[in-house]
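A.B. asks: could you work out the structure for the sequence below:
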Amino acid sequence: MKLYTLDSIQFINKPIEDVFEFFSNPDNLSVITPPKLGFKILTPTPIKMSVGCLIDYKIYLMGIPIHWRTLITDFDPPHTFIDQQIKGPYTIWHHTHTFQKVDGGVEIKDRVVYSIPFSILGRILNFLWIRKDLENIFNYRKKVIDELFGNDDYKSYA
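C.D. replies: Below is the predicted model of the structure:
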């Protein structure tokens, strides 16, 4: 099984507690997810984030509804949390969110380790479409987050 890694780094000029609170609130995922995915939380809200928390979503990939379930496997406010897909489109989806105080704000690091089903076909799909689509999703998030947090002089990079 081939594993892929996607890394993203973003700076926000706000206190770490505010930034962590925003990102650890599942309701905010719909705000930072591209509308074309039709993202919807299925788990009743409010959701109290903690280790062992299960969250169900629905997204649309190429118009096809996909049920996605994640498990929170680590939760250490205001520094990190990890969500892992236990049902969804990937063979493996392990997403680590890290928040670190830096001069003038917070550095957010996202690391996604994922694997695609369908063996060689999955590798081809990742090369032709999936990797670029994931990068576009994270770029969309960065743009929305910069607007939400008023990062006029933001440092946003991957």
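
A.B. asks: buried residues in the longest strand seen in the chain?
C.D. replies: Of all segments of type strand in the chain, defined using DSSP state E, the longest is strand 64-76. When neighbours are counted by 16 or more other CB atoms under 10 Å, the buried residues of strand 64-76 are found to be 68, 70, 72, 73, 75. Yep, even glycine has a C-beta here, placed from its N, CA and C like the rest.

A.B. asks: test my guess that the last one contacts residue 96.
C.D. replies: No: when contacts are counted by CB atoms under 8 Å, residue 75 is not listed as touching residue 96 (11.7 Å).

A.B. asks: which residues are common contacts for those two?
C.D. replies: Common contact partners of residue 75 and residue 96 (CB atoms under 8 Å, 6 or more residues apart in numbering): residue 82.

A.B. asks: quick one: the strands in this structure?
C.D. replies: Counting by DSSP E, the strands of the chain are 4-12, 40-41, 54-61, 64-76, 80-87, 92-102, 105-115, 156-157.

A.B. asks: related to what we said a few turns ago, contact partners of the longest strand of the chain?
C.D. replies: Applying CB under 8 Å, 6+ apart, the contact partners of strand 64-76 are 24, 38, 42, 49-60, 80-89, 93, 95-96.

A.B. asks: rerun at 6 Å
C.D. replies: For strand 64-76, the external contacting residues (CB atoms under 6 Å, 6 or more residues apart in numbering) are 49-51, 53-59, 81-89.
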